[in-house]
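Q: From the sequence below, what's the structure:
(one chain, ligands or ions: 1)
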Amino acid sequence: MPKTCFILNPTAGPSRRHDLPALIGQHFGTHEADYEIRLTECAGHAVELAQVAAAEGFAVVVAVGGDGTVNEVGRGLLGTAAALGIVPQGSGNGLARHLKVPLALPAALQRLAAPTFSRMDVGVMNGHPFFCTAGLGFDAHVSQHFAQAGSRGLSTYLRVTLREYRRYLPVPVEVDLNGQRRQTDCYVLAFANASQYGNNAYIAPLADLRDGLLDVCLIDSLPVVRAIKVSLGMALGNLPQSKAAEYFRVSQSRVVAQAPLGFHVDGDYLGHATEFVVELMPLALAVAV
Ligand SMILES: Nc1ncnc2c1ncn2[C@@H]1O[C@H](COP(=O)(O)OP(=O)(O)OP(=O)(O)O)[C@@H](O)[C@H]1O
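A: Take a look at the predicted model:
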């Protein structure tokens, strides 16, 4: 059984469970595993905890939280020999859902007792690694306002999305897609390593974590009828067939915006910029799921 370190974000998810360390002990400890549980103390702490765990020789370092925690642990593990595990405890759990990690805690821990090792691609936007999705435009705008909403969970996310939909205006951009320059309005420009944002909202249902490519989803405008088509397409996983969005596959891209444009990586709003460089590091991270 691999030596395993759990890095637990006690603030992740809609319901903060104080009994998680005890439950991990109850379901994982029975496998006579060599394991430790370490709690994050602030945002960003999981990066350092993951680096330390990898340097100490843990073979698997598990993010116990949502996509923000997965991003921090994954960043800490880049360039190390340790593999990323996930116990999904977030609100959206996009990467865990893509990797078909069980959402129920006992089943997720059971899987980690005898994990399958593989590798996955890692995207990078303006120097920030991402494992699931990164994007410019409305999705980043919603991430920014969701972070300020004071509460989390799906209902808050939907309320913020509807409110901001009425206010948001797209920004003109020039985007380089496989050497072809494209002038377009950017309502959403999503770079997907994995298929979904979380909560089974499939922005790029055909995205493959191991193909050396990012699936790009471009939505230039979002009038009401198209917004309904996009929402349904994301929920049903058939957005590409709906023709409400355009798709491309790239290993790198560059975007220049005419006005500062918000961007997110793995659902965390990171600020505004006018230039974006997007790259892919093929199979850069080991995963244990
Ligand atoms: N101890 C802590 N105190 C405050 N914030 C923390 C702490 N540990 C981690 N964080 C921050 O909490 C944020 C939210 O965590 P995470 O994304 O894992 O959960 P979530 O938002 O509920 O799930 P998802 O991203 O899947 O919707 C992360 O951006 C992380 O930086």
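
Q: what about stretch 263-279, average pLDDT?
A: Stretch 263-279 comes out with an average pLDDT of 97.

Q: Kindly report the same for stretch 150-160.
A: On average, stretch 150-160 scores 84.

Q: Can you list the buried residues in that stretch?
A: For stretch 150-160, a neighbour-count test (16 or more other CB atoms under 10 Å) marks 152, 157, 160 as buried. The C-beta positions use only the backbone N, C-alpha and C, and glycine is treated the same way.

Q: How about stretch 142-150?
A: 142-146.

Q: quick one: Leu23 is in a strand?
A: No. Counting by DSSP: H, G, I helix; E, B strand; the rest coil, Leu23 falls outside a strand, being helix.

Q: can you put the buried residues of stretch 142-150 in CSV and add secondary structure?
A: As requested, those are exported to CSV (three-state DSSP):
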residue, secondary structure
Val142, helix
Ser143, helix
Gln144, helix
His145, helix
Phe146, helix
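
Q: follow-up on the earlier one: closest to Ala134 out of the buried residues of stretch 150-160?
A: Checking those against Ala134 by CB to CB gives Tyr157 as the nearest, at 17.8 Å.

Q: Met234 touches Gly198, doesn't it?
A: No. With contact defined as CB atoms under 8 Å, Met234 does not count as touching Gly198 (11.1 Å).

Q: how about low-confidence regions in the chain?
A: By pLDDT under 70, the weakly predicted segments of the chain are 16, 31-32.

Q: Do a quick rundown of the helices in it.
A: Listed in chain order, the helices of the chain (DSSP state H) span 20-28, 45-55, 67-77, 94-98, 105-113, 138-147, 154-165, 224-236, 239-242.

Q: For the closest residue to the ligand within the stretch 1-150 of the chain, which non-adjacent residue is spatially closest?
A: Closest approach between the stretch 1-150 of the chain and the ligand, counting by CB to the nearest ligand atom: Gly66, at 1.9 Å. Among residues not flanking Gly66 along the chain, Gly90 sits closest, at 1.5 Å (CB to CB, 6 or more residues apart in numbering).
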